[in-house]
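1. Coordinates for the following, if possible.
(one chain, ligands or ions: 2)
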Amino acid sequence: MMHIRWKCPNCASPLTPMLTQKPYVLRCAHGHSFDVARQGYVNLLLPQKRGAALPGDDAGMVRARTAFLDGGYYSAFSDGVNACVLEALAQSDCANPTVTDAGCGEGYYTARLYTHLQTYASDSACVGFDLSRDAVAHAAKRGRAMGAQGLSFAVASLFDMPIEDGSSDGIINLFAPVADAEFARILKPDGFLLIAVPAEEHLWGMKQILYRTPYPNEVRRDTLAHFTLTHVQRITDTITVTDPEHIRALFAMTPYFWKTAREDAERLYACEQLCTTVSFDLLLYRKSR
Ligand SMILES: C[S@@+](CC[C@H](N)C(=O)[O-])C[C@H]1O[C@@H](n2cnc3c(N)ncnc32)[C@H](O)[C@@H]1O
Ligand SMILES: [Zn+2]
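-> Ligands and ions are numbered 1, 2, ... in the order given. Below you'll find the predicted structure:
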């Protein structure tokens, strides 16, 4: 909580962590105050905005995601994200970076990035935002168990992040909505944005089971008004998922879950193991001047 330049969601003035108070709170000069929950996160989504926003992933979706990600199937992808972030930071000569995870979900990638950043600078910090309270609570609990002092989480929309202008060195945005102008606002002038998108062959093995004629994915290349695309890196791996629960969890994380006929999904559920390509593109953008 200490490492982040928080901004009050009510009046936009700085929020200061009050360490002596129990429960621990973040407070602004106008007396708006926000409790830090037992798990170590803060809810900065105002009640009037909560209704308008999508609720985000529920507890069941968060559990499924965690079960799958903790199985390590996407560790090569996570390592690729970390390497790319480190390279981007080295290019901008950043001493003690703060990296934001916009749409952090249950915090698997945030936690691994934080650990990796410690090898670069022990004073680096990561902050994750997500609309889902269940996901953020889980992420914070994991961070607390790691004893990660510089890892913070808040419930907030990534379209309206409660941190000050120019307070981040970089952003990772993994399979979550893209908020072009808001991302540019929170970044320093030479800040970077790393977006991950599925590549053509992503989950090909799963699609071969689900569909008679699977099609390769159409690969997204967002043109962003406030950013310039500087580098694209493809990360491809083959994974074998042997636990039927993990196969279900992976399926539930995909858009196919919502649009596959029941009898087709049953074929996948009957599999004792799933061998599939996983393939992602990492799109590295720099904030335009
Ligand atoms: C597909 S999940 C990806 C989560 C995480 N990055 C990962 O890869 O494990 C998308 C996440 O975006 C969050 N989300 C959707 N709209 C959002 C918004 N406007 N602000 C913040 N989070 C949002 C959802 O709650 C969900 O956790
Ligand atoms: Zn305030």
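
2. CA only for contacts and neighbour counts going forward, please
-> Fine.

3. Grab the nearest non-local neighbour of the residue in the stretch 151-289 of the chain that ligand 2 sits nearest to.
-> Using C-alpha to the ion, the closest approach of the stretch 151-289 of the chain to ligand 2 is made by Pro162 at 10.9 Å. With C-alpha to C-alpha, 6 or more residues apart in numbering as the criterion, Pro162 has its nearest non-adjacent residue at 4.8 Å, and that residue is Lys7.

4. Surely the residue of the stretch 151-289 of the chain closest to ligand 2 and Trp6 touch.
-> Yes: using C-alpha atoms under 8 Å, Pro162 is in contact with Trp6, at 5.8 Å.

5. re earlier: if I look at the residue of the stretch 151-289 of the chain closest to ligand 2, how far off is ligand 1?
-> To ligand 1, Pro162 is 12 Å away according to C-alpha to the nearest ligand atom, to the nearest Å.

6. mind listing what that residue touches?
-> Taking C-alpha atoms under 8 Å, 6 or more residues apart in numbering, we find Pro162 in contact with Trp6, Lys7, Cys8, Pro9, Ala12, Leu44, Ala156.

7. Can you name the residues bridging to the first one?
-> Here Trp6 sits in beta bridges with Ile163, as judged by DSSP bridges.

8. ok, it touching Leu15?
-> Yes: in terms of C-alpha under 8 Å, Trp6 counts as a neighbour of Leu15; the distance is 5.2 Å.

9. for the protein, which helix is longest?
-> Using DSSP state H, we find that the single longest helix of the chain is helix 75-91.

10. Checking the residue most central in space within the chain next. Helix, strand or coil?
-> The structure's the chain has its C-alpha centroid closest to Cys104; by C-alpha atoms, centre = their mean the separation is 2.5 Å. Using DSSP: H, G, I helix; E, B strand; the rest coil, the structure places Cys104 in coil.

11. If I look at it, what pLDDT would I see?
-> With respect to pLDDT, Cys104 scores 97.

12. And the helices in the stretch 101-250 of the chain?
-> Along the stretch 101-250 of the chain, counting by DSSP state H, counting those that start in this stretch, helices occupy 108-118, 133-146, 180-186, 204-210, 244-252.

13. Now do the longest one: which elements does it pack against?
-> Counting contacts by 3 or more C-alpha pairs under 8 Å, 6 or more residues apart in numbering; DSSP states H and E, helix 133-146 is packed against helix 59-70, helix 108-118, strand 125-130, strand 151-155.
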